[in-house]
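J.: Sequence and predicted structure, then a few things I'm wondering about:
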Amino acid sequence: MLGLLLLVGGLLAGYIVLSQTLLRRARCRGTAAVAGKTAIITGGNTGIGKATALHLARRGVRVILACRNRDKAEAAIAEIQQTTGSTDVVYMHLDLASLTSVHSFTQTFLKTEARLDLLINNAGLVADGRTEDGFGIQFGVNHLGHFLLTYLLLERLKEMGGGRVITLSSIAHRWGHIDFEVSRYSWQFFQAYCSSKLCNVLFTHELAKRLRGTNVTCYSLHPGIVRTELSRYVSLWQKVFIEPVAQLLFLDPEAGAQTTLHCALQEGIEPLSGRYFFCCAAQEVCAKARDDAMARKLWEVSEKLCPGPGPGPRPGPGPGSNNNNFYSASMKKQQQGEIGKRNKQIISLFPISL
C-alpha cells in the first residue's frame, strides 16, 4: 500500500513539474495590424502549422500553405475557410526533402506573389532515411531545406518593411551536437532530431547578425510539447510508446501555436531578433546554441551544401521578371554533380546528416 501511494505521489509530483515547465502554457497577446500581409507557412496543412494558419487567416493575412501533400493542404484550406470566412488561403507545393523543390517553390512564389511579410519555417519531422540530395532526412528537412528557402526569399522580405522569419526549433536542441570533425554519422532518430533543432537555433542566431541594418528580424522558438503528426514516419513500436503519452500529456496544436503567433504578431520585439522563445517570452539558451563561431560555420557549410545560393543572399526576381530561370535542367545536372563531390568532401561534417 505504501509503495502504491509513493508511486501515485511520484507521478503527481512529476506531472506538476512538467505542467510548470515543459507543458507550461501561454497566450499570444500580439495586436499588430497584419491584414493584407502575406505569410508562408511550411507544413501548414497539419498540427501547429494549421493552427497558425487559421489564426493568421482570421486576422486578414494572405496565407500560403507550403506543403508536400496536396490532399491534406486542400482539406486544411477548406477547414480554415469554413472557420474564418477567409478565401485568401492557398496551397503551393514544397518538398523540403528536395532542394530542387525548394528552388521550384521560390521561383513560383516570386513570380506570382507581390509581397512576403512572414516566413514561418514550421515543418519538421522525426524519421530515418535520406533526402533526395543524400542528406540525413532530419538535417535535410528540419534545417537545410528551410535554410535554402529563407536564403532565396530574403530580398522579398526586405522589400516589404518589417518582415519576420520564424523558425520552429525545440527544447531538444539542448541535447543536439554538431561536430565538424567527426567522420561518422548516426541514424539514431532522436539524436538526429536534437541536432537538427540545434541547427535551427544556430541558424537564427547567425541570420540575425546578417540582417543587421535591414528591417527584417528573425526568431526561433520551442512551441511546447505538442500533439502533432511529427512522429508519423517513425516505426510502429516507437508510435506505440509515443502516442499514449502524447494523448495524455502533450499540448494541442492550438496551444502549441501561441509562441509562433507571438513571434509573428507581437509589437516591439525587434530588438530581440535572433533570440529563442518559449511560452511567448525570450529565453536564455545554452552556450553551444549561441556559439558565434559554430553558427557562422554552420551557415557557411549550409551554403556549400545548397545548389545555387552563392556567397551571399541574392535578390529574388519580382513578378513579371524574366530572370527566373536560374535553375535550368542543364544547371541542375551540373550542380547535382557538384553536390556529389561536395558531399564526399563534407561527409565528415555532421553526425546527423550524410
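T.: That came through fine. Residues are numbered from 1 along each chain as shown.

J.: Give me the three-state assignment for Lys158.
T.: Under DSSP: H, G, I helix; E, B strand; the rest coil, Lys158 falls in the helix class.

J.: State the distance from it to Glu113.
T.: 15 Å (CB to CB, to the nearest Å). The way it works is simple: take the backbone N, C-alpha and C, and place the C-beta from them, glycine included.

J.: ditto for Cys67
T.: 16 Å.

J.: How about Leu144?
T.: Counting by CB to CB, the gap from Leu144 to Glu113 is 23 Å.

J.: Can you give me the pLDDT of the residue nearest to the spatial centre of the chain?
T.: Among the residues of the chain, the one closest to the centroid is Asn121, at 3.2 Å (CA atoms, centre = their mean). Note for Asn121: predicted pLDDT of 99.

J.: give me every residue that touches it.
T.: For Asn121, the contact set (CB atoms under 8 Å, 6 or more residues apart in numbering) comprises Thr42, His146, Leu149, Thr150, Val165, Ile166, Thr167, Leu168, Asn200.

J.: Return the distance of the helix or strand where the third one lies from the chain's centre.
T.: This points to Leu149. Taking DSSP states H and E as the criterion, the element that holds Leu149 is helix 146-160. On the basis of CA atoms, centre = their mean, to the nearest Å, helix 146-160 sits 14 Å off its chain's mean C-alpha point.

J.: packing partners for it?
T.: strand 38-42, helix 99-112, strand 118-121, strand 164-168, helix 189-210, helix 292-305 (3 or more CB pairs under 8 Å, 6 or more residues apart in numbering; DSSP states H and E).

J.: Do you have the strands of the stretch 1-150 of the chain handy? List them.
T.: For the stretch 1-150 of the chain, applying DSSP state E, counting those that start in this stretch gives strands covering 38-42, 62-67, 89-93, 118-121.

J.: Extract the CA atoms of the shortest one and return them as PDB.
T.: Listed next in PDB are the C-alpha coordinates belonging to strand 118-121 (Å, rounded to 0.1, in the frame of the first residue of the first chain):
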ATOM      1  CA  LEU A 118       6.100  36.500 -42.600                       C
ATOM      2  CA  LEU A 119       8.100  33.400 -43.400                       C
ATOM      3  CA  ILE A 120       7.300  30.700 -40.800                       C
ATOM      4  CA  ASN A 121       9.600  27.700 -41.000                       C
END
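
J.: In the sheet, which strands lie alongside that strand, parallel or antiparallel?
T.: Partners of strand 118-121 in the sheet, by DSSP bridges, are strand 38-42 (parallel), strand 164-168 (parallel).

J.: report the angle between the axes of the first one and helix 99-112?
T.: Following axes from the mean of the first three to the mean of the last three CA atoms, to 10 degrees, one obtains 170 degrees for the angle between strand 38-42 and helix 99-112.
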